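**Q** build the 3D model from these lines:
(one chain, ligands or ions: 1)
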Amino acid sequence: MNAGTRPPPRPSARVPGTSPRRVARAKPALERRRRRAKPDVVKERREAVITIDGPAGAGKSTAARELARRLGYRLIDTGALYRGLAWRVREAKVDPGDEAALERLLAEITIDLQDGAVLVNGRDVTGELRTPEIGELTSRISTLAAVREKVTPIQRRLAATGGAVLEGRDTGSVVCPDAEVKFYLDASPEVRAVRRRRELEARGTHVEAEEVRAEIRRRDRQDMKRGLAPLVVPEGAVVIDSTGRSVEQIVQVMLEEVARHGCCTRS
Ligand code: C5P
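**A** Numbers count the residues shown, from 1 in each chain. The predicted model follows:
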């Protein structure tokens with residue numbers, strides 16, 4: 001080095017505004033902004049999207065909740081979003097057959113899932129959604145294109161950052177067809193009716209066994225035969241029959257499949 005020349009200044013250890021604390025605080029904000037910038041892009045995520053489809057009473061909710069808990073993923077109960085919409089249709093006394101009225105209602109409604117709660121126009125309606133009446137209305141309105149066009153993008157936005165377990169009727173076939181891991185959970189109609197009844201009883205709703213069986217048969221028919229997003233086994237899905245299997249056994253099968261795909265977890 002020539003006498004008189006100074007070595008180039010070393011980069012300052014502290015550029016103003018980048019103290020370690022500020023950087024540490026700025027990172028999550030940057031990350032959030034980056035994720036918000038492309039809400040529909042599901043490719044740039046670190047963690048997986050897992051879908052669980054299947055008919056009513058197959059045990060999807062319980063398995064999905066437990067799987068999400070074990071993986072440290074968010075749970076996206078897609079049926080709850082449709083039920084939230086049905087709740088509003090009923091509250092607003094809109095005839096689901098009146099297309100124009102329904103479209104007006106869809107235009108003013110906001111539905112969101114926050115920490116497991118269903119918010120309809122900002123109001124928490126979670127406790128009012130699991131009645132047979134709302135179930136039937138949901139099944140009816142979810143056959144309509146305008147309704148699915150409203151709800152599907154909400155589900156995609158919720159799943160866009162990855163680290164999510166979606167459960168419903170078309171999560172692996174329509175909502176997230178590029179999900180890393182897909183399951184289709186099924187069970188015999190008898191077992192499904194017993195589970196459904198237990199679920200309703202646990203929520204304080206007493207329904208006769210035959211009524212539950214009839215409700216399941218009706219909803220199966222409606223969900224499988226509808227033209228839009230019918231209940232199907234999604235391409236590439238692992239089919240699990242939950243008849244005679246405990247939740248723990250089902251979740252174990254799922255965790256093995258998730259591990260086989262090398263998906264990362266938060267826990
Ligand atoms: O899963 P859950 O019983 O809450 O769903 C209620 C109804 O919502 C289903 O019977 C189905 O008609 C509709 N649904 C749907 N697509 C989904 C989830 C639910 O059409 N992804």
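**Q** is the residue in the stretch 1-150 of the chain that the ligand sits nearest to in a helix, a strand, or coil?
**A** The ligand sits closest to residue 79 of the stretch 1-150 of the chain, with a gap of 2.4 Å, by C-beta to the nearest ligand atom. For the C-beta atoms, the positions are set from N, CA and C on the backbone; glycine is no exception. With DSSP: H, G, I helix; E, B strand; the rest coil as the basis, residue 79 sits in helix.
**Q** ok, now which ones touch the spatially most central residue of the chain?
**A** The residue lying closest to the centre of the chain (C-alpha atoms, centre = their mean) is residue 76, at 2.4 Å. Contact analysis of residue 76 by C-beta atoms under 8 Å, 6 or more residues apart in numbering lists 113, 155, 158, 159, 164, 165, 166, 167, 171.
**Q** what about the residue of the stretch 1-150 of the chain closest to the ligand, how many neighbours?
**A** 20 (other C-beta atoms under 10 Å).
**Q** distance check, it against residue 98.
**A** 24 Å (C-beta to C-beta, to the nearest Å).
**Q** turn the contacts of residue 76 into JSON lines, columns for distance to residue 72.
**A** Shown next, in JSON lines, are those (distance: C-beta to C-beta, whole Å):
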{"residue": "113", "distance to residue 72": "17"}
{"residue": "155", "distance to residue 72": "20"}
{"residue": "158", "distance to residue 72": "16"}
{"residue": "159", "distance to residue 72": "16"}
{"residue": "164", "distance to residue 72": "11"}
{"residue": "165", "distance to residue 72": "11"}
{"residue": "166", "distance to residue 72": "16"}
{"residue": "167", "distance to residue 72": "17"}
{"residue": "171", "distance to residue 72": "19"}
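**Q** mind listing the helices for the protein?
**A** Assigned by DSSP state H, the chain shows helices spanning 20-37, 60-71, 78-91, 99-108, 132-141, 145-159, 189-202, 209-225, 247-260.
**Q** deepest of the ones you listed, which one?
**A** Stretch with highest mean neighbour count among these: helix 78-91 (a mean of 23; mean count of other C-beta atoms under 10 Å).
**Q** format the CA atom coordinates belonging to that one as CSV.
**A** What follows is helix 78-91, C-alpha atoms only, in CSV (Å, rounded to 0.1, in the frame of the first residue of the first chain):
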residue,chain,number,x,y,z
THR,A,78,-63.7,-23.8,4.0
GLY,A,79,-67.2,-25.0,4.9
ALA,A,80,-67.2,-22.4,7.6
LEU,A,81,-66.9,-19.7,5.0
TYR,A,82,-69.8,-21.1,3.0
ARG,A,83,-71.8,-21.4,6.2
GLY,A,84,-71.0,-17.8,7.1
LEU,A,85,-72.4,-16.7,3.8
ALA,A,86,-75.5,-18.8,4.3
TRP,A,87,-75.9,-17.3,7.8
ARG,A,88,-76.0,-13.8,6.1
VAL,A,89,-78.5,-15.0,3.4
ARG,A,90,-80.8,-16.2,6.2
GLU,A,91,-80.3,-13.1,8.3
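**Q** I'd assumed residue 90 was in contact with residue 105.
**A** No - here residue 105 does not reach residue 90: they are 10.8 Å apart, not a contact under C-beta atoms under 8 Å.
**Q** which ones among the contacts of residue 76 also lie next to the ligand?
**A** By C-beta under 6 Å from any ligand atom, the members of those lying near the ligand are residue 171.
**Q** what is the most widely separated pair among the contacts of residue 76?
**A** Greatest spacing in the contacts of residue 76, by C-beta to C-beta: 113 and 171 (13.4 Å).
**Q** more neighbours, those two?
**A** Set side by side, residue 113 and residue 171 show more neighbours around residue 171, with 32 against 20, by other C-beta under 10 Å.
**Q** for the contacts of residue 76, could you give me JSON lines that also reports pLDDT and distance to residue 134?
**A** Converted to JSON lines, the contacts of residue 76 look like this (pLDDT from 0 to 100; distance: C-beta to C-beta, whole Å):
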{"residue": "113", "pLDDT": "95", "distance to residue 134": "16"}
{"residue": "155", "pLDDT": "97", "distance to residue 134": "19"}
{"residue": "158", "pLDDT": "95", "distance to residue 134": "21"}
{"residue": "159", "pLDDT": "96", "distance to residue 134": "24"}
{"residue": "164", "pLDDT": "97", "distance to residue 134": "24"}
{"residue": "165", "pLDDT": "98", "distance to residue 134": "23"}
{"residue": "166", "pLDDT": "98", "distance to residue 134": "20"}
{"residue": "167", "pLDDT": "97", "distance to residue 134": "17"}
{"residue": "171", "pLDDT": "97", "distance to residue 134": "20"}
